[in-house]
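**Student:** dropping the sequence and predicted coords here.
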Amino acid sequence: MLSRVAENLYWMARYLERAENTARFINSVTQMLLDLPRGASFGWDVLLKAAGLDELYAWHHDTAEEDAIMHFLIADERNPSSIVASVQRARENARTFREVLPMEIWERINALHLFVREQAAAACDGRRARWELLNGVVERQQSVVGLLEGSMSRDLAWQFIALGHQLERADMTTRILDVNSAVRLPEDPAGAQMARERLWLCTLHALSALQMYRQHVGVRVQPEAVLRYLTLDARFPRAVAHCLGELETGLAQLPDFQGPLAVARALWRRLRALERDEAALGALHARMDGIQRDLAALHDALARQYFWRHQAPAAP
């Protein structure tokens with residue numbers, strides 16, 4: 001397979017997953033704000049910091065107001081990670097190599113693109129329209145993933161799609177978790193405990209994880225247990241450990257995978273250290289930042305090995 005084909009398929013999967021998880025991200029924070037008890041506080045700008053977009057936003061905006069932030073995350077094409085921009089880039093990558101994909105995949109991605117284009121402007125003006133758009137993005141993206149799972153041969157094209165899908169999902173899971181570190185809890189201990197449980201309940205909802213958490217961990221939502229479940233559970237599809245396991249499985253199907261695999265093993269060591277870390281919840285932002293850096297290093301290793309390997313080195 002040509003490296004440019006592999007790279008386009010990889011990024012198509014990443015952009016689709018990014019659009020879905022940005023939608024989940026925004027819905028999670030919106031619900032969390034509605035449920036916060038008196039004395040707890042949270043700023044919309046935290047969404048930008050958790051997504052790693054605060055500097056880009058500040059370049060284009062002077063104030064961090066809800067409407068401006070929502071437009072930036074949903075519809076602003078100057079933000080390459082906005083939902084509109086992500087879906088548009090995914091569509092362009094799919095269009096370029098339509099012959100590699102099942103025909104229905106292109107049709108569904110194009111339908112998702114048209115849906116987002118039609119609804120994005122209205123969704124930035126009110127929470128009800130926004131909720132409907134974001135849920136629509138999640139549902140349509142899941143239909144694309146389901147069709148890919150059920151209709152595509154497990155060849156090299158599939159492996160690069162799976163690598164992009166799993167790496168982006170792991171990264172976005174850490175960002176959704178990271179939002180909890182930014183909420184200022186009430187000073188009252190009882191109020192703080194109630195707020196903390198509400199926050200982590202919203203996190204489980206955002207990742208469609210509540211039912212599985214209750215089946216495999218317990219009925220009560222305990223912050224430490226939720227954090228470990230969403231980072232370390234190898235059976236839940238959105239947990240970081242599960243995504244990393246799928247990444248390793250995919251790498252094993254590719255030639256010359258030793259370099260990226262070594263980076264993945266370093267990430268495993270960080271996750272195992274998190275399992276033994278009794279203070280992980282108190283240092284949540286630093287722990288999630290560390291995982292995100294390791295995932296970025298894994299992306300770089302994949303790009304060097306499979307996308308840029310035969311290209312001339314860039315000038316200093």
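**Tutor:** Cool, got the structure.
**Student:** on the pLDDT front, check residue 54 for me.
**Tutor:** Model confidence at residue 54, expressed as pLDDT, equals 86.
**Student:** contacting residues around the residue lying closest to it once chain neighbours are set aside?
**Tutor:** Of all residues not flanking residue 54 in the chain, residue 48 sits nearest, at 4.2 Å (CB to CB, 6 or more residues apart in numbering). Every C-beta, even on glycine, is put in place using the N, C-alpha and C of the backbone. Residues near residue 48 by CB atoms under 8 Å, 6 or more residues apart in numbering: 54, 57, 64, 69, 72-73.
**Student:** residue 87 too?
**Tutor:** 15-16, 19, 109, 112-113, 116, 137.
**Student:** do the same with residue 245
**Tutor:** residue 234.
**Student:** tell me which element it is part of?
**Tutor:** In the assignment (DSSP states H and E), residue 245 maps to helix 240-251.
**Student:** could you give the mean pLDDT of that helix?
**Tutor:** 95.
**Student:** circling back to that earlier point, secondary structure element for the residue nearest to residue 54?
**Tutor:** Using DSSP H and E, residue 48 falls in helix 45-51.
**Student:** next one: that helix to chain centre, how far?
**Tutor:** 13 Å (CA atoms, centre = their mean, to the nearest Å).
**Student:** beyond the one helix or strand residue 166 maps to, next helix or strand please.
**Tutor:** Using DSSP H and E, the element containing residue 166 is helix 156-178. Of the helices and strands lying after helix 156-178 in sequence (DSSP H and E), the nearest is helix 189-206.
**Student:** now what about the helix or strand just after that next one, what contacts it?
**Tutor:** Next along the chain after helix 189-206, taking DSSP H and E as the criterion, comes helix 210-216. For helix 210-216, the surrounding residues in contact (CB under 8 Å, 6+ apart) are 201, 204, 221, 225-226, 229, 233, 235-236.
**Student:** now with 7 Å?
**Tutor:** If you take CB atoms under 7 Å, 6 or more residues apart in numbering as the criterion, helix 210-216 is touched by 204, 226, 229, 236.
**Student:** got the angle for whichever helix or strand comes after it vs helix 156-178?
**Tutor:** Following helix 210-216 in sequence order, the next helix or strand is helix 223-232 (DSSP H and E). Per axes from the mean of the first three to the mean of the last three CA atoms, to 10 degrees, the angle that helix 223-232 makes with helix 156-178 is 160 degrees.
**Student:** so what secondary structure elements neighbour helix 223-232?
**Tutor:** On a contact count with 3 or more CB pairs under 7 Å, 6 or more residues apart in numbering; DSSP states H and E, helix 223-232 meets helix 156-178, helix 189-206, helix 240-251, helix 258-276.
**Student:** residues near the nearest residue to residue 235 once chain neighbours are set aside, how many?
**Tutor:** Nearest non-adjacent residue to residue 235, counting by CB to CB, 6+ apart: residue 242, 6.6 Å away. Residue 242: 21 surrounding residues under other CB atoms under 10 Å.
**Student:** would you list the helices and strands packed on helix 223-232 in CSV and tack on distance to residue 305?
**Tutor:** Below are these laid out as CSV (distance: least, CB to CB, whole Å):
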stretch, distance to residue 305
helix 156-178, 11
helix 189-206, 33
helix 240-251, 9
helix 258-276, 5
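**Student:** can you tell me which of those the model trusts least?
**Tutor:** Per-stretch mean pLDDT for the helices and strands packed on helix 223-232 is lowest at helix 189-206 (a mean of 80).
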